[in-house]
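> model this:
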Amino acid sequence: MVQEYINENKEKFLNELLDFLRIQSFSADPKFKNEVLKGAQFLEEKLQLAGAENICIHETAGHPIVYADKIIDEQLPTILVYGHYDVQPADPYELWDSDPFEPIVKETSIHPDGAVFARGACDDKGQMYMHVKAFEAMLKTNNLPCNVKFMFEGEEEVGSANLETFVRENTTLLKADVVLVSDTGIIANNTPSICVGLRGLSYVEVEVTGPNRDLHSGLYGGGVANPINILSKMIASLHDDSGAINIPGFYDDVQEVSPNERQEMAKAPFDVEYYKEDLNIGDVSGEKGFSTNERTSIRPALDVNGIWGGYTGDGAKTVLPSKAYAKISMRLVPNQKSEKITELFSTHFEKIAPSSVKVKVTPHHGGEGVVIPTDFTGFMAAKQAMETSFGKTPIPVRSGGSIPIVPMFEEVLGLKTILLGFGLDSDVIHSPNEHYGLFNFYKGIETIPLFYQNFAALNKK
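Numbers count the residues shown, from 1 in each chain. Here you go, the predicted model:
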């Protein structure tokens, strides 16, 4: 009955998603505060129509959090669904093939059934909205097998600054048995997978200062240290010739993965030639002794996310700049602590600076890595659900990304999280022409009720 309801309402579900995607809910830009609120109000309305209760838009110091629930029996297990309705800015607009806030559906080679092109289509509006529609399908057909609570935030893309405060202040309200999140992906539409690991994060900004003002590069060049030159050398020294991160103590707490687990990871399909072709690169790069998949999941990484200084406008300006800047992110593996890594980085970066410049390191935000066990009922319920909907056993994979809220949920609520995502790497989230396949959208709506059914059966109280 649930699947029949889904099949009969596919067009309605899609049209609602398109309306949701038209809302420009940029959390990073204060000018769009009302649009973010519109996103929350949209969810409030759709949750009410779906049959949820106790719906409330909770104000925070930033953007609001939408809460709703449906408690059918206190003796049944409860699923806490998390998602975010804010999106990344759409810049640069000129690289989009269509208006990022006027979603269109078109076929692609990967999505022959069509894909929705719009900002937020995959991350995370499309994936989050699957849960609202799956809930509606279960409730309207009298097939909701357990209790459900929804918590949708509007600040994930800016670091979830107020979510932890809300969670800590509402532990009773959020009491549940598992957290369910769809903000990750699968290997391919014919190769289902479940994310069982995330890397942590330490994000810093560095500032290198030389002379007290910008100087004429002819009169002073060669005699005064150039902060951009110095910064470039310092950054280059952060990796050794083997591709390892060259910061004392950085690897002290790295959790080594066993040969058996590495063998299991290697079973995941991966075509390095297609990978290079897709990215238009001549070769892969990284820490020696590890495969590309291992480098981006079970090993830490350090990358410069932005670097600037001096004159970058049109034409020439012969200036020796006073300052140079860079933003640097370090992806961490489980057991590494973000605060410790930030401190190690800061100490090292200040130490390697020559006396001709001054260095300032400003930490921005961080989070811890996590490994989700495959022997608890949440994972088993998700595995069985995907086996049913895809007709194949999903492959457990570790992601290179970071979702700091996952370890926070475990610390504050004592709950493990199931990352039941349906996106693809080719959906180009955060980039121009972001999209989400209709196959994936509907497959998620089909799979989520199976998870509920399995979780209820495995957790009878």
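
> what does the model give Y67 for pLDDT?
The score at Y67 is 98. That number is its pLDDT.

> near R262, how many other residues are there?
Using other CB atoms under 10 Å, the number of residues around R262 comes to 15. The C-beta positions use only the backbone N, C-alpha and C, and glycine is treated the same way.

> cool, and V224?
The burial count for V224: 14, using other CB under 10 Å.

> touching, it and L215? I think so.
Yes. Contact status for V224 versus L215: in contact at 6.3 Å, counting by CB atoms under 8 Å.

> what touches both of those two?
Common neighbours of V224 and L215 (criterion: CB atoms under 8 Å, 6 or more residues apart in numbering): L320.

> what residue ranges in the stretch 151-300 of the chain are flagged as low confidence?
Filtered on pLDDT under 70, the stretch 151-300 of the chain yields no residues whatsoever.

> show me where it has helices.
If you assign secondary structure with DSSP state H, counting those that start in this stretch, the helices in the stretch 151-300 of the chain sit at 163-169, 217-220, 227-236, 259-265, 272-279, 292-295.

> so can I have a markdown table of these showing distance to L95?
Compiled in a markdown table, these are given as follows (distance: least, CB to CB, whole Å):
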| stretch | distance to L95 |
| --- | --- |
| helix 163-169 | 31 |
| helix 217-220 | 33 |
| helix 227-236 | 27 |
| helix 259-265 | 34 |
| helix 272-279 | 16 |
| helix 292-295 | 26 |
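
> give the residue spans of the stretch 301-450 of the chain that score low on pLDDT.
Low-confidence segments of the stretch 301-450 of the chain, defined by pLDDT under 70: none present.

> where along it do the strands fall?
Using DSSP state E, counting those that start in this stretch, the strands found in the stretch 301-450 of the chain span residues 301-309, 319-320, 323-332, 358-367, 370-371, 395-398, 417-419, 435-437.

> now do the last one: distance to the chain's middle.
Averaged C-alpha coordinates place strand 435-437 at 16 Å from its chain's average position (CA atoms, centre = their mean, to the nearest Å).

> ok, back up a step: winner for burial among the strands of the stretch 301-450 of the chain?
strand 435-437 (a mean of 27; mean count of other CB atoms under 10 Å).

> which residues sit against it?
Defining contact as CB under 8 Å, 6+ apart, one finds that strand 435-437 is touched by 108, 110-111, 113-118, 121-122, 126-127, 189, 423-424, 427-428.

> that strand pairs with which strands, parallel or anti?
For strand 435-437, the pairing partners within the sheet under DSSP bridges are strand 115-117 (antiparallel).

> and the partner strand, how far out from the chain middle?
Chain-centre distance of strand 115-117: 19 Å, with CA atoms, centre = their mean.

> in helices, which of the contacts of strand 435-437 appear?
Using DSSP state H to define helices, the subset of these located there is 126-127.

> of the contacts of strand 435-437, grab the buried ones for PyMOL.
Here is the PyMOL command that picks out the buried ones among these, judged by 16 or more other CB atoms under 10 Å:
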select buried, resi 111+114+115+116+117+118+121+122+126+127+189+423+424+427
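
> residues near the closest residue in space to T447 that isn't next to it in sequence, how many?
Here the nearest residue to T447 in space, its sequence neighbours aside, is S389; by CB to CB, 6 or more residues apart in numbering that works out to 4.3 Å. The criterion is other CB under 10 Å. On that basis, S389 has 21 neighbouring residues.

> just D283 next, same as before
Using other CB under 10 Å, the number of residues around D283 comes to 6.

> and it, how far from K276?
Noted for D283: a distance of 7 Å to K276, by CB to CB, to the nearest Å.

> returning to what we had before: so which of the helices of the stretch 151-300 of the chain is nearest H58?
Comparison of the helices of the stretch 151-300 of the chain against H58 by CB to CB identifies helix 163-169 as nearest, at 6.5 Å.

> mind listing what's buried along that closest one?
163, 166-167.

> stretch 454-461 too?
Residues of stretch 454-461 classed as buried: 454-456, 459 (neighbour count, 16+ other CB under 10 Å).

> then stretch 132-148?
Across stretch 132-148, burial judged by 16+ other CB under 10 Å covers 132-139, 144-148.

> now pLDDT and secondary structure too, for these, in TSV please.
Formatted as TSV, the buried residues of stretch 132-148 follow (pLDDT from 0 to 100; DSSP: H, G, I helix; E, B strand; the rest coil):
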residue	pLDDT	secondary structure
V132	98	helix
K133	98	helix
A134	98	helix
F135	98	helix
E136	98	helix
A137	98	helix
M138	98	helix
L139	98	helix
L144	98	coil
P145	98	coil
C146	97	coil
N147	98	strand
V148	98	strand
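
> widest-spaced pair of the residues you listed?
Put simply, by CB to CB the two of the buried residues of stretch 132-148 set farthest apart are K133 and N147, 18.3 Å from each other.

> for R398, which non-adjacent residue is closest in space?
Once flanking residues are discounted, R398 sits nearest to G197: 3.2 Å by CB to CB, 6+ apart.

> what does K323 give?
The shortest distance from K323 to any non-neighbouring residue, by CB to CB, 6+ apart, is to T209 (5.2 Å).

> partners of the one you found in the sheet?
Applying DSSP bridges to T209, the residues it is bridged with are K323, K358.

> which residues does it contact?
227, 322-323, 357-360.

> any idea which helix or strand comes after the one helix or strand K12 maps to?
Secondary structure assigned from DSSP states H and E places K12 in helix 10-21. Following the chain from helix 10-21 toward its C-terminal end, the next helix or strand by DSSP H and E is helix 33-50.

> contacts for that next one next, please.
Residues external to helix 33-50 that are found in contact with it (CB under 8 Å, 6+ apart): 16, 19-20, 23-27, 55, 57, 63-64, 66, 68, 85-86, 129, 132-133, 135-136, 139-140, 150, 152, 154.
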